[in-house]
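Colleague: please work out how this folds:
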Amino acid sequence: TRVEYNRSTRRASPKGIEAMTSGDLKEGDAKPGNERQDQSRRELLYSALGRASEIYVNELWSDGGRDARKYLLDRKLSEETMKREDLGLLPYSGQWQFLLSRLSQDFPKDILIEAGLVQEKEGKVFDQINGPRVMFPVRDMSNRVVGFSGRTLNKDEKGRKYVNTPGTHLFRKGDLLLGI
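Modeller: Reported below is the predicted structural model:
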């Protein structure tokens, strides 16, 4: 099945479309009286992810994003494409606190964790992904940001070249990226 998605044609499986349009809840998850609360929580998740995307975009177009923009231009991506697709930059943060420090004033920790933006280990909260990375927003069929894929800009990186948002209620890699 072909679907129109974020100004370009991408493949999506019927299973993926059903999952993305079903309200993100599995059968049996909804309880009477909780629908409004679930919807409100989902909107907070979308809001946090949208705000993260804005932060990444602003960082790419700041003076600190010059090297990342050059990298993308060298990869034959025009500035128009970068802007149209809302590409962004997650700069290096030695403390893994870049996004957390910018979002924690507006969103509770549990929302940031559930959105896959930050994680908590041993009582410490820190960004899920560390930079420097070019950030590509992943969108659902309604064009809402549901996650990110980040490509390292560190040539000496021994870890993974690409890192994705972990699976969440909103972001299912198999449904959105792989179409399975």
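Colleague: quickly list what Gly147 is bridged to.
Modeller: Val138 (DSSP bridges).
Colleague: right, and it touches Val138 too?
Modeller: Yes: the criterion here is Cβ atoms under 8 Å, and Gly147 meets it with Val138 at 4.3 Å. Just so you know, the C-beta spots here come from the backbone N, C-alpha and C atoms, and that holds for glycine as well.
Colleague: which one's more surrounded, these two?
Modeller: Between Gly147 and Val138, counted using other Cβ atoms under 10 Å, Gly147 has the larger neighbour count: 26 against 20.
Colleague: residues contacting the more buried one?
Modeller: Leu49, Gly116, Pro137, Val138, Asn164, Thr165, Thr168, Leu170, Phe171, Lys173, Leu176 (Cβ atoms under 8 Å, 6 or more residues apart in numbering).
Colleague: kindly report the same for Asn58.
Modeller: Neighbours of Asn58 in contact, by Cβ under 8 Å, 6+ apart: Gly88.
Colleague: next, the buried residues of the strand or helix carrying it.
Modeller: In the assignment (DSSP states H and E), Asn58 maps to helix 35-60. By neighbour count on 16 or more other Cβ atoms under 10 Å, the buried set for helix 35-60 is 38, 42, 44-49, 51-53, 55-57, 59-60.
Colleague: shaky segments in the chain?
Modeller: By pLDDT under 70, the low-scoring segments of the chain are 1-33, 157, 173-180.
Colleague: let me see the ranges of the helices in it.
Modeller: Per DSSP state H, the chain has helices spanning 14-21, 35-60, 66-74, 79-84, 98-103, 109-114, 173-176. These are given in chain order.
Colleague: redo those helices as a markdown table? Include distance to Arg133.
Modeller: Formatted as a markdown table, those follow (distance: least, Cβ to Cβ, whole Å):
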| stretch | distance to Arg133 |
| --- | --- |
| helix 14-21 | 25 |
| helix 35-60 | 9 |
| helix 66-74 | 9 |
| helix 79-84 | 14 |
| helix 98-103 | 10 |
| helix 109-114 | 18 |
| helix 173-176 | 17 |
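Colleague: which one of these lies closest to Asp127?
Modeller: helix 98-103 (4.8 Å; Cβ to Cβ).
Colleague: buried ones in the closest one?
Modeller: Buried-residue list, helix 98-103, by 16+ other Cβ under 10 Å: Phe98, Leu99, Leu100, Leu103.
Colleague: with stretch 103-122 instead?
Modeller: Quick answer for stretch 103-122 (16+ other Cβ under 10 Å): Leu103, Phe107, Ile111, Leu112, Ile113, Glu114, Ala115, Gly116, Leu117, Val118, Gln119.
Colleague: would you point out the most distant pair within those?
Modeller: Phe107 and Gln119 (14.6 Å).
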